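> Sequence first, then the predicted structure, then my questions.
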Amino acid sequence: MGAPDTIQVFVPLKLRKKNGRPKIMPPADYLPSEDQTQDPHILRAIGRAWAWRRRMEAGEFGTVRDLAIGVNLAERHVGRQLRLAYLAPKVLKRLVYKREVTAVTVMQLTESAVLPWVEQAGVVFGETAQVG
């Protein structure tokens, strides 16, 4: 007789009801690795910046001040966050598609957006820039 066609995997999870719905609970000793998770605020801020950029390019708002009034936020905050729409394409690809973990906060990411594109990856991901 040959090898079995199926593999049995045991995953120690518990099923609990929460608000009338089943919820899968991880084991009590499970600790998620914080160094392997991307900050969700970064993706949200990038998405918001691109939405604002599109609205400005469509002519809905003429200035950052008009945009800030339209979204009911401080002009300084909107101007700072809007920089994220101008990150280097390679940095955006690594953040949005590959979901790579950054070495910076959202505030530091907005500050790095003013750097030349070749330097941004080094700052954002904590690596040396490679010029080829």
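Done, it's in.

> Excluding sequence neighbours, find me the nearest residue to the most centrally placed residue in the chain.
Centroid check for the chain by C-alpha atoms, centre = their mean gives Leu43 as the closest residue, at 2.6 Å. Leaving aside its chain neighbours, Leu43 sits nearest to Val96 (6.8 Å; criterion: C-beta to C-beta, 6 or more residues apart in numbering). Backbone N, C-alpha and C define where each C-beta goes, glycine included.

> The one you found against Ile46, yeah?
Yes. Val96 lies in contact with Ile46 (C-beta atoms under 8 Å); the separation is 6.6 Å.

> okay, those two: which has more neighbours?
Taking neighbours as other C-beta atoms under 10 Å, Val96 and Ile46 compare with Ile46 leading, 20 against 16.

> Please export the C-alpha coordinates of stretch 50-68 as CSV.
The C-alpha coordinates for stretch 50-68 follow below in CSV (Å, rounded to 0.1, in the frame of the first residue of the first chain):
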residue,chain,number,x,y,z
TRP,A,50,-4.0,59.9,-3.5
ALA,A,51,-7.7,60.6,-3.1
TRP,A,52,-7.0,64.2,-2.3
ARG,A,53,-4.5,64.5,-5.2
ARG,A,54,-7.1,63.2,-7.6
ARG,A,55,-9.7,65.6,-6.3
MET,A,56,-7.3,68.5,-6.7
GLU,A,57,-6.3,67.4,-10.2
ALA,A,58,-10.0,67.1,-11.2
GLY,A,59,-10.4,70.7,-10.3
GLU,A,60,-12.7,70.1,-7.3
PHE,A,61,-10.3,72.1,-5.1
GLY,A,62,-7.9,74.8,-6.4
THR,A,63,-5.6,75.1,-3.4
VAL,A,64,-4.5,73.0,-0.3
ARG,A,65,-6.4,75.5,1.8
ASP,A,66,-9.7,74.9,-0.1
LEU,A,67,-9.1,71.1,0.2
ALA,A,68,-8.5,71.5,4.0
